[in-house]
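>>> my questions concern the predicted model and sequence given below.
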Amino acid sequence: MSFGSTKEIDTIISYQVWVIILEVIISMFDLITIDID
């Protein structure tokens, strides 16, 4: 049971990491488009 809970926690942490990575990529694209414009 404890193993299952730790697996869920790892999944949640990895999900948050992907969300942060996507936000950084989007912000970088916004900066690039602003520089181009």
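Arrived safely, thanks for sending. The structure displayed is predicted, hence computed values, not measured ones. Numbers count the residues shown, from 1 in each chain.

>>> Asp30 - how many residues pack around it?
By other CB atoms under 10 Å, 10 other residues sit near Asp30. Every residue, glycine included, has its C-beta placed from N, CA and C.

>>> which strand or helix spans Thr33?
helix 2-36 (DSSP states H and E).

>>> so what's the residue count around Ser14?
Neighbours of Ser14 using other CB under 10 Å come to 10.

>>> for the one 10 residues further on, same thing?
For Val24, the number of neighbouring residues by other CB under 10 Å comes to 10.

>>> then Ser27?
Ser27, neighbours per other CB under 10 Å, totals 10.

>>> any idea of the pLDDT on Thr6?
Thr6 is assigned 75 on the pLDDT scale.

>>> I misspoke; the intended subject was Phe3.
For Phe3, pLDDT reads 59.

>>> offset the numbering so it begins at 22, please.
Sounds good: first residue 22 from here, last item Phe24.

>>> show the low-confidence segments of this protein, by residue range.
For the chain, residues meeting the criterion pLDDT under 70 lie at 22-26, 57-58.

>>> let's see 90
For the chain, residues meeting the criterion pLDDT under 90 lie at 22-36, 49-58.

>>> using PDB, write out every CA atom in stretch 51-58.
The C-alpha trace of stretch 51-58 is given here as PDB (Å, rounded to 0.1, in the frame of the first residue of the first chain):
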ATOM      1  CA  ASP A  51       6.700  34.600 -26.200                       C
ATOM      2  CA  LEU A  52      10.100  36.300 -25.800                       C
ATOM      3  CA  ILE A  53      11.200  35.100 -29.300                       C
ATOM      4  CA  THR A  54       8.000  36.400 -30.900                       C
ATOM      5  CA  ILE A  55       8.300  39.700 -29.200                       C
ATOM      6  CA  ASP A  56      11.900  40.000 -30.400                       C
ATOM      7  CA  ILE A  57      10.900  39.100 -33.900                       C
ATOM      8  CA  ASP A  58       8.000  41.600 -33.900                       C
END
